[in-house]
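Novice: only geometry, no sequence info:
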Ligand code: GTP
């Protein structure tokens with residue numbers, strides 16, 4: 001199944017930077033060396049077996065934008081699964097940015113009316129009062145979208161916000177995400193795990209997680225016992241990517257990881273060709289070997 005992901009936005013808004021961070025695992029500090037994208041750069045990222053993300057990074061200089069909206073219009077806006085439109089939070093030309101954005105919405109309406117639309121208010125690290133700024137931008141952008149359903153995220157390459165946004169976006173592209181989640185929940189119950197998380201192999205984006213019991217409950221007695229940090233996925237991804245990076249510098253390949261701490265045990269291991277699974281257990285009587293065995297036995301079901 002080929003899904004096209006259009007990455008659009010003004011020149012310098014940060015599209016290529018985010019792509020290089022998420023898909024090529026480059027550190028944020030290297031993004032200042034990126035040149036402007038000329039026309040459209042296409043990348044195919046294999047994601048979960050048959051699912052291939054067909055990523056179109058559209059150079060944002062005016063001449064390119066004009067051509068996407070005229071001569072290349074049908075090529076660009078056909079078969080779009082998702083459009084991600086990036087706005088520089090400090091843009092000095094918001095009027096022009098919005099004009100292009102509205103034109104792109106028109107293009108999508110005409111050629112891919114079903115496409116999901118995600119708006120990233122990017123470079124949030126540059127503003128103070130992030131919450132207020134984002135709320136205001138969100139309201140403006142929703143108004144500009146004139147009734148079209150859009151999801152707005154505030155992002156920055158310097159923290160986990162970019163990761164969270166991309167994980168949510170990719171999640172919407174996975175056709176059987178709900179089923180996956182259900183299977184992961186069954187698997188978590190079978191291992192007496194607190195949580196099971198499935199990551200994509202190269203990007204370490206979160207594909208699906210088991211349903212965590214009790215996280216929303218106010219009355220349960222054991223919620224305090226293992227408080228789950230809301231940024232745990234992004235932080236795990238970040239740590240593992242850094243660790244993988246160190247492994248590759250030592251010319252070692254990363255395969256799996258076991259962590260036994262006082263409060264919990266975590267095992268990260270290959271699940272399928274394109275995924276890693278992480279099992280988090282708070283019961284100290286459960287051995288890591290048993291968890292590994294369970295992962296091993298579950299593999300066939302997830303292939
Ligand atoms: P075109 O290829 O011309 O369309 O531009 P682009 O949207 O691909 O922009 P690019 O990724 O080349 O980024 C432009 C500049 O923004 C680079 O110098 C990046 O280092 C910087 N940048 C990207 N993301 C962020 C961010 O989250 N915060 C800050 N402060 N700077 C960022």
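Specialist: Great, that's in hand. Please read these numbers as outputs of a predicted model, since none were measured by experiment. Numbers count the residues shown, from 1 in each chain.
Novice: Stretch 5-17 near the ligand anywhere?
Specialist: Yes: applying CB under 6 Å from any ligand atom, one finds stretch 5-17 touching the ligand at 9, 11-17. To be clear about C-beta, it is placed using only N, CA and C from the backbone, and glycine gets the same treatment.
Novice: Greatest separation within the residues you listed: which pair is it?
Specialist: In those, the most distant members under the criterion CB to CB are 11 and 17, with 12.3 Å between them.
Novice: These two: who's more crowded?
Specialist: The residue with more neighbours, out of residue 11 and residue 17 and counting by other CB atoms under 10 Å, is residue 17; that gives 21 against 15.
Novice: can you tell me how far that one sits from residue 57?
Specialist: With distances taken as CB to CB, to the nearest Å, residue 17 is found 10 Å from residue 57.
Novice: Make a PyMOL selection of whichever of the residues of stretch 5-17 next to the ligand turn out to be buried.
Specialist: Remark: buried members of the residues of stretch 5-17 next to the ligand, expressed as a PyMOL selection using 16 or more other CB atoms under 10 Å:
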select buried, resi 9+13+14+15+16+17
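Novice: any chance of the residues of stretch 5-17 next to the ligand in JSON lines, with secondary structure and pLDDT too?
Specialist: Conversion of the residues of stretch 5-17 next to the ligand to JSON lines gives the following (DSSP: H, G, I helix; E, B strand; the rest coil; pLDDT from 0 to 100):
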{"residue": "9", "secondary structure": "strand", "pLDDT": "87"}
{"residue": "11", "secondary structure": "coil", "pLDDT": "84"}
{"residue": "12", "secondary structure": "coil", "pLDDT": "86"}
{"residue": "13", "secondary structure": "coil", "pLDDT": "88"}
{"residue": "14", "secondary structure": "coil", "pLDDT": "90"}
{"residue": "15", "secondary structure": "helix", "pLDDT": "88"}
{"residue": "16", "secondary structure": "helix", "pLDDT": "87"}
{"residue": "17", "secondary structure": "helix", "pLDDT": "88"}
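Novice: Beyond the helix or strand harbouring residue 64, next helix or strand please.
Specialist: Residue 64 is part of helix 62-69 when elements are defined by DSSP states H and E. Tracing the chain C-terminally past helix 62-69 and defining elements by DSSP H and E, one meets helix 73-77 next.
Novice: Pairing partners for whichever helix or strand comes after that next one, with directions?
Specialist: Of the helices and strands lying after helix 73-77 in sequence (DSSP H and E), the nearest is strand 80-88. Sheet pairing of strand 80-88 (DSSP bridges) gives strand 2-9 (parallel), strand 116-122 (parallel).
Novice: Single out the most deeply packed of these.
Specialist: Mean neighbours per residue, mean count of other CB atoms under 10 Å, is largest over the strands paired with strand 80-88 for strand 116-122, with a mean of 24.
Novice: Residue 180 contacts residue 210, correct?
Specialist: No: taking contact to mean CB atoms under 8 Å, the distance of 9.6 Å between residue 180 and residue 210 leaves them out of contact.
Novice: more neighbours, these two?
Specialist: Neighbour tally, residue 180 and residue 210, criterion other CB under 10 Å: the higher count belongs to residue 210, 24 against 20.
Novice: give the contact list for residue 146.
Specialist: Each residue near residue 146 by CB atoms under 8 Å, 6 or more residues apart in numbering is listed here: residue 105.
Novice: Is it correct that it falls within a helix?
Specialist: No: secondary structure of residue 146 (DSSP: H, G, I helix; E, B strand; the rest coil): coil, not part of a helix.
Novice: The helix or strand of the chain with the lowest mean pLDDT - contacts with which helices or strands?
Specialist: Within the chain, judged by mean pLDDT, DSSP states H and E, the helix or strand with the poorest mean is strand 40-46; its value is a mean of 74. Counting contacts by 3 or more CB pairs under 8 Å, 6 or more residues apart in numbering; DSSP states H and E, strand 40-46 is packed against helix 15-23, strand 52-58.
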